[in-house]
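K.L.:
Give me the fold of what follows.
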Amino acid sequence: MKFGEKLIRLRRKNGMSQEQLAAEIGITRQSVSKWESGSTLPELAKLIVISELFDVSVDYLVKDSMEEDFSGDMYSMGNTRLEEKMDELSRYVKGYQYTSKRHIKGIPLVSIRLGRRLGKESVAKGIIAIGNIAIGVVSLGAVSIGVFSFGALAFGIIALGAMAAGLLAFGAMAVGGIAIGTAAAGLYAGGVTALGKEVAVGVAASGKTAIGETAFGHHCLVWNNGLDAEQIRQFLDRTNPHLWEPLRKFFIFLGQHIK
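P.N.:
Model prediction:
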């Protein structure tokens, strides 16, 4: 029995479609179809993943002469050691992978792809995505893209990271509608160095309205020997009377503690 025939049998035995199997392995449905038709064969790393998924040996998958999978006492000590080595190789190559069986509109609820190198296998795509690269509604990764995004490089509506870009961005370097960070640039910006189109508050601040130890803009409030909450409130009420109240409170707090 050829590899493709064995794969079809194992997939059907476990009640899985080609799409579901592809999602479990982290590949496309077309790749599964090619394997089953015999036009291509998977690489070693994928063979290991398949063997673990269906609880069969790699020998069984690749040897046409093996019609049944034998385990336990049927293997010699040498084969046992080989399996152990292959398990170690699998863990090394794959890192950790998980895809929840529950899907929402064809998208996994949870996808985890933590590998030792960047590549397609380390890209997590799901409602909740965790991986070297994560894409989801809620994403966590070295590079993350999502509605709520957390990572070294974060892009989202709400983004938190060493470098963050989003409608609301927090980071060492932040760019967004509202940007808060050591270096921040946006419509409204707060940080050590702040560049804001409308309002900027920081040690060095530049914007239409600027509050800082060094301030550049149309309306400026310079820190000098200190600012109290009432001074900042009156200044913002005069220059930006329609400023969102939570943002106003944050800027008042930040303006008092610039140094």
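K.L.:
can you give me the strands for this structure?
P.N.:
96-99, 103-104, 107-108, 110-114, 123-216, 219-222 (DSSP state E).
K.L.:
From the contact counts, what lies against the fourth one?
P.N.:
Packed against strand 110-114, as judged by 3 or more CB pairs under 8 Å, 6 or more residues apart in numbering; DSSP states H and E, are the following elements: strand 96-99, strand 123-216. Quick note: C-beta positions are derived from backbone N, CA and C, even for glycine.
K.L.:
what's the least confident stretch among the ones you listed?
P.N.:
Lowest mean pLDDT within the helices and strands packed on strand 110-114: strand 96-99, at a mean of 82.
K.L.:
next one: that one to chain centre, how far?
P.N.:
Relative to the chain's own centre, strand 96-99 is displaced by 13 Å; criterion: CA atoms, centre = their mean, to the nearest Å.
K.L.:
who touches that strand?
P.N.:
The contact list for strand 96-99 (CB atoms under 8 Å, 6 or more residues apart in numbering) reads 23-24, 26, 49, 108, 110-115, 121, 126.
K.L.:
could you redo the last one with a cut-off of 7 Å?
P.N.:
Here strand 96-99 makes contact (CB atoms under 7 Å, 6 or more residues apart in numbering) with 23, 24, 26, 108, 110, 111, 112, 113, 114.
K.L.:
Spatially central, which residue of this protein would that be?
P.N.:
residue 134 (2.4 Å; CA atoms, centre = their mean).
K.L.:
Which residue comes closest to that one once chain neighbours are left out?
P.N.:
residue 141 (3.3 Å; CB to CB, 6 or more residues apart in numbering).
K.L.:
now the one you found: how far from residue 129?
P.N.:
Distance, residue 141 to residue 129, using CB to CB, to the nearest Å: 7 Å.
K.L.:
before we move on, what about residue 43?
P.N.:
24 Å.
K.L.:
quick one: contacts for residue 240?
P.N.:
198, 199, 209.
K.L.:
from those residues, which would you call buried?
P.N.:
199, 209 (16 or more other CB atoms under 10 Å).
K.L.:
In the stretch 1-150 of the chain, where is pLDDT below threshold?
P.N.:
65-95, 116-120 (pLDDT under 70).
K.L.:
can you pull out the helices in it?
P.N.:
Along the stretch 1-150 of the chain, the stretches classed as helices by DSSP state H, counting those that start in this stretch are 3-13, 18-25, 29-37, 44-54, 58-62, 77-94.
K.L.:
could those be laid out in TSV, adding distance to residue 172?
P.N.:
Shown next, in TSV, are those (distance: least, CB to CB, whole Å):
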stretch	distance to residue 172
helix 3-13	47
helix 18-25	35
helix 29-37	39
helix 44-54	35
helix 58-62	45
helix 77-94	31
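K.L.:
Surely the residue nearest to the centre of the chain is in contact with residue 140?
P.N.:
Yes: in this structure residue 134 lies within contact range of residue 140 using CB atoms under 7 Å: 5.7 Å.
K.L.:
And for residue 259, the neighbour number?
P.N.:
7 (other CB atoms under 10 Å).
K.L.:
typo on my end, it should be residue 4
P.N.:
Using other CB under 10 Å, the number of residues around residue 4 comes to 18.
K.L.:
what does residue 204 give?
P.N.:
So residue 204, with other CB under 10 Å, has 18 neighbours.
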